[in-house]
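In: Okay, structure incoming, though there's no sequence with it:
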């Protein structure tokens, strides 16, 4: 796990501006090999991006982890997060999540993120 990584509970995101996000973040997409459909995505947001919400100087931020409801529970979210962590190359990573996103929170804890007070 990346040193200094932490999880912060916070706010919502919108998928309506995915193209703009792709232009100013690193966007990782999971594709179903059988039919070519997109089954998940996550973005890694650098400093200075307009999509950054909780990251501080020197931290990368996870935004927009989304997995198609038909494929949840099959490891897509974990695969995307592991690829994102590898891309971060040991830079600290932060993220925010809704209190109701319990499965995502379990994934983040399993991957080594830790909760910090708001």
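Out: In hand now; what should we look at? Note that the structure is a prediction, hence the values are computed from the model and not measured.

In: Can you tell me the element residue 84 falls in?
Out: helix 76-88 (DSSP states H and E).

In: Residue 95 falls within a strand, correct?
Out: Yes. The assignment for residue 95 by DSSP: H, G, I helix; E, B strand; the rest coil puts it in a strand.

In: does it really touch residue 59, like I thought?
Out: No. Counting by C-beta atoms under 8 Å, residue 95 does not reach residue 59; the two are 10.0 Å apart. The C-beta positions use only the backbone N, C-alpha and C, and glycine is treated the same way.

In: Which secondary structure state is assigned to the closest residue to residue 27 other than its chain neighbours?
Out: What sits nearest to residue 27 in space, not counting adjacent residues and going by C-beta to C-beta, 6 or more residues apart in numbering, is residue 43, at 4.8 Å. Following three-state DSSP, the label given to residue 43 is strand.

In: picking up where we left off before, buried residues in the helix holding residue 84?
Out: 76, 77, 80, 81, 84, 85, 88 (16 or more other C-beta atoms under 10 Å).

In: For the protein, which segments are assigned as helices?
Out: 18-24, 76-88, 102-110 (DSSP state H).

In: Packing partners of the longest one?
Out: So that's helix 76-88. strand 26-31, strand 38-45, strand 60-67, helix 102-110 (3 or more C-beta pairs under 8 Å, 6 or more residues apart in numbering; DSSP states H and E).

In: What average pLDDT does it get?
Out: For helix 76-88, the mean pLDDT works out to 95.

In: got the angle between it and strand 93-97?
Out: 150 degrees (axes from the mean of the first three to the mean of the last three C-alpha atoms, to 10 degrees).

In: relative to helix 102-110, how tilted is helix 76-88?
Out: Using the same axes, to 10 degrees, helix 76-88 lies at 40 degrees relative to helix 102-110.
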